[in-house]
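Novice: 3D model of this:
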Amino acid sequence: MSDKAPWITYRPELKVLDCTIRDGGLINKHQFSDELVRAVYDTCIEAGIDTMEIGYKNSARLFPKEEFGPWRHCDEEDLNRVVGGHDSEKTGLKLSAMADATKSDWKEQLVPASESVLDMIRVAFYAHQVSEATEMIQHAHDLGYETMANLMAVSNITETEIDVVLEKIAPTPASTMVIVDSFGHLYREQVDSLYTKYAKAMAGTGKEIGIHAHNNMQLAFANTLEAIILGSNRADATMMGLGRGAGNCPMEILLGFLRNPKFKLRPVIKLLQEHIAPLRETVAWGPSVPYNITGQLNRHPKAAIEWRESEERDDILTFFDQIQGDR
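Specialist: Model prediction:
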């Protein structure tokens, strides 16, 4: 058997997006140093990663600047301070920010793409927010940005709700419709079903299908591979799986598997050693039993996060009993 996995490795249309700073910032209110953000940026370029999501475009009214770091807002002055002069044509790396429905002052926060170092806006929304999401996508597109649509918490809504969202997103200019396993609840069979549903709904629109997996049941990498095997050409990952709670699909594992000569693993390993691993001295992330429990129950990990921050953090049996009783 060939060890090159050509059906995955050499698909030129397969692109990888790094969301270390955006998703990882949820564990420390986006209080990353400029040095670390720049290190991730430089690593993405050197490693051949296609897109870096540098943070959120969310409201300073809802996320005050005295409490949240600059990567919750991605103001142009902060972007230019750290990655000023960025040119995706020269670097091969696109820069993205995520705007949440109801949490972003998108009409005021977004400047024309020609005036920003950002190339892409990813719109994140829950099913009941799809109307605003379509407006956000169109607005960002009209300003010159590439756009993606990220339907969150897909494991926690009905088939009918998913179908309605897909119907609304299909005619928008979004380049990609992303399967988002917010609660880390999905198994392979569910990924298969969702991919089939998304692909059918987007047929003829030119949209790609993406995958954004969380690691509550330690299936983020496996589910990402499953989506890729099925045909997903947009895969999200973070350095060392950095992300809220159990974290995300680890970039180093994903790139190591793909074995595409376009991607270089050594710069990623260097970043992990010099910048990401030291973060564990002040913040915690990664799989644990409480996150596994919330994943199995299809629950938001906030209950597990709060438990792990309490004095009872090691009493996982009590956590299990309490969360089962809340069902």
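Novice: show me where pLDDT drops low in the stretch 151-300 of the chain?
Specialist: Counting by pLDDT under 70, the stretch 151-300 of the chain shows low-confidence ranges at 295.
Novice: now with 90?
Specialist: Counting by pLDDT under 90, the stretch 151-300 of the chain contains low-confidence residues at 244-246, 256-261, 284, 286-300.
Novice: so where do the helices sit in it?
Specialist: Counting by DSSP state H, counting those that start in this stretch, one finds helices in the stretch 151-300 of the chain at the ranges 159-169, 188-202, 220-230, 251-258, 266-271, 289-296.
Novice: so what's Cys74 up against?
Specialist: With contact set as CB atoms under 8 Å, 6 or more residues apart in numbering, Cys74 has these partners: 54-57, 97, 118. For glycine as for every other residue, the C-beta is placed from the backbone atoms N, C-alpha and C.
Novice: repeat that with 6 Å
Specialist: When the contact criterion is CB atoms under 6 Å, 6 or more residues apart in numbering, the partners of Cys74 are 55, 57, 97.
Novice: show me the beta-bridge partners of Val123.
Specialist: Ala99, Ala149 (DSSP bridges).
Novice: from the contacts of Cys74, which single one is nearest Thr160?
Specialist: Lys57 (30.4 Å; CB to CB).
Novice: wait, the closest one touches Ser96, no?
Specialist: No: using CB atoms under 6 Å as the test, Lys57 is too far from Ser96 to be in contact (9.8 Å).
Novice: ok, back up a step: can I get the helices of the stretch 151-300 of the chain in JSON lines with mean neighbour count?
Specialist: JSON lines is the format used below for these (neighbours: other CB atoms under 10 Å):
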{"stretch": "helix 159-169", "mean neighbour count": "16"}
{"stretch": "helix 188-202", "mean neighbour count": "17"}
{"stretch": "helix 220-230", "mean neighbour count": "22"}
{"stretch": "helix 251-258", "mean neighbour count": "20"}
{"stretch": "helix 266-271", "mean neighbour count": "18"}
{"stretch": "helix 289-296", "mean neighbour count": "21"}
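Novice: any idea where the strands of the stretch 201-327 of the chain begin and end?
Specialist: For the stretch 201-327 of the chain, strands defined by DSSP state E, counting those that start in this stretch occupy the ranges 208-213, 234-237.
Novice: of the ones you listed, which stretch is the most buried?
Specialist: When neighbours are counted by mean count of other CB atoms under 10 Å, the highest per-stretch mean among the strands of the stretch 201-327 of the chain falls to strand 234-237, a mean of 27.
Novice: centre of the chain versus that one, how much separation?
Specialist: Counting by CA atoms, centre = their mean, to the nearest Å, strand 234-237 is centred 7 Å from the centre of its parent chain.
Novice: now, which of the contacts of Cys74 lie within strands?
Specialist: Secondary-structure check on the contacts of Cys74 using DSSP state E: residues within strands are 55, 97.
Novice: that concludes my questions; thank you for your assistance.
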